[in-house]
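>>> Build the 3D model from these lines:
(one chain, ligands or ions: 2)
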Amino acid sequence: MTVRGLVLVEARHAELCERPEPRAEAGAVVIAPRVTGICGSDLHLYREGHIGDSIVREPHVLGHETAGVVVEVGPGVEEPRVGDRVLIEPGLACLACHYCLTGRYNICPNARFLGVPPTPGTLADLVAVPARWVHRLPDGVTFATAALIEPFAVGLQAAKEAGVSVGQSVVMLGAGPIGLMILLAARLRGAGPVISVDLSPVARAMVQQFGADLVIDPRAVDPVDAIREATGGGADVVIEAAGRSRGDGHAPLHVRRVTRGARLRRRQQERRRQVPGHQRGCAADD
Ligand SMILES: [Zn+2]
Ligand SMILES: [Zn+2]
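Ligands and ions are numbered 1, 2, ... in the order given. Model (predicted):
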């Protein structure tokens, strides 16, 4: 038996390929995905054939923001059960290293991540996952909402790392999906005003819908003046969520926009790499 999977053959070339049907080994379950979000990392892999040090060297199944239904459980699995609605936690940590054993499995150096080469992802009819990384959904949570929990966790962590708290003014540079999640997280932590700066009219319209107190088009107004005016002098926290440095003095701009004693946090720079070529088409052993 085979199942279908969305396979990235090389940069900008994905195909629906037949793949071996996954089986539930000991400690694992097979899930039929119902909703899978398309992450920025999926887009990087699709467009460039790599993300950071992870390079698509052979045909690779994308996807990791997935909720679905358990269709098979392997030996030794008590939870979840067949028929359960579940969410997959896509970072498969080793649970044996120093970081895992001290509760920081999110930075496990041995972790595999679903959908990041060489670990296959979840854009497939069926996927096998260790039961440990599968969470049952409450009845009121839809598959679509559940699929957004992974990116929302990114926003929560960013707001936490930046020390966002009650009454603080927060500026987000960038209003893509992660910027929106940071906005929601900042709100949950009681921040306000929350100010968004983005060049894209589409992103600005979206962040307006998400309830930003002020949305700035940096081409239309001077963002430094606008932020100073809205915050009475400068923002308490600035979060760079554009994910890109254009080498145009971004960092000095951050600093000019914040107030005395504010924190500066910055997402890690992307590293660019050459994409190696390989054969086109689904792999022969699929
Ligand atoms: Zn993601
Ligand atoms: Zn570990």
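>>> Where does pLDDT dip in the protein?
Applying pLDDT under 70 to the chain picks out residues 243-286.
>>> what about 50?
Where the chain drops to pLDDT under 50, the residues are 247-253, 255-257, 267-279, 284-286.
>>> Up against ligand 2, what does the protein have?
Listed as neighbours of ligand 2 in the chain under the rule CB under 5 Å from the ion: 93-94, 97, 100, 108, 110. The C-beta positions use only the backbone N, C-alpha and C, and glycine is treated the same way.
>>> Buried ones from those, can you make that a PyMOL selection?
Applying 16 or more other CB atoms under 10 Å to these leaves a buried subset, and the PyMOL line that selects it is:
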select buried, resi 93+97+100+108
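>>> how about TSV for the residues of the chain next to ligand 2, with secondary structure added?
As requested, these are exported to TSV (DSSP: H, G, I helix; E, B strand; the rest coil):
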residue	secondary structure
93	coil
94	coil
97	coil
100	helix
108	coil
110	coil
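>>> Closest one to residue 224 out of the residues of the chain next to ligand 2, please.
Using CB to CB, residue 108 is the member of the residues of the chain next to ligand 2 that lies nearest residue 224, at 40.4 Å.
>>> residue contacts, residue 175?
183, 196-198, 200, 203-204, 206-207, 212, 215, 241 (CB atoms under 8 Å, 6 or more residues apart in numbering).
>>> Now intersect those residues with the strands, please.
With strands taken from DSSP state E, the overlap with those comprises 196-197, 215.
>>> got the buried residues for stretch 217-237?
Those would be 223, 226-228, 230-231, 234-237, for stretch 217-237 by 16+ other CB under 10 Å.
>>> Now intersect these with the helices, please.
Residues of the buried residues of stretch 217-237 located in helices (DSSP state H): 223, 226-228, 230-231.
>>> just checking: which of those also lie near ligand 1?
Among these, proximity to ligand 1 is found for none (CB under 5 Å from the ion).
>>> What is the nearest of these to residue 145?
For those, the nearest to residue 145 is residue 230 (31.3 Å; CB to CB).
>>> Name the nearest residue to the closest one, sequence neighbours excluded.
With sequence-adjacent residues excluded and distances taken as CB to CB, 6 or more residues apart in numbering, residue 230 is closest to residue 214, at 5.0 Å.
>>> Could you check how many residues crowd around the one you found?
Using other CB atoms under 10 Å, residue 214 has 17 other residues around it.
>>> what's the distance between it and residue 37?
28 Å (CB to CB, to the nearest Å).
>>> ok so, going back, who are the contact partners of the residue nearest to residue 230?
193, 195-196, 226, 230.
>>> go with 7 Å
Taking CB atoms under 7 Å, 6 or more residues apart in numbering, we find residue 214 in contact with 193, 195, 230.
>>> For this structure, just list every one of the helices.
Under DSSP H, the chain gives helices at 40-48, 98-101, 143-147, 149-161, 177-188, 201-209, 223-231, 250-257.
>>> Could I get those helices in JSON lines, plus columns for distance to residue 116?
Formatted as JSON lines, the helices of the chain follow (distance: least, CB to CB, whole Å):
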{"stretch": "helix 40-48", "distance to residue 116": "7"}
{"stretch": "helix 98-101", "distance to residue 116": "18"}
{"stretch": "helix 143-147", "distance to residue 116": "17"}
{"stretch": "helix 149-161", "distance to residue 116": "13"}
{"stretch": "helix 177-188", "distance to residue 116": "17"}
{"stretch": "helix 201-209", "distance to residue 116": "25"}
{"stretch": "helix 223-231", "distance to residue 116": "34"}
{"stretch": "helix 250-257", "distance to residue 116": "26"}
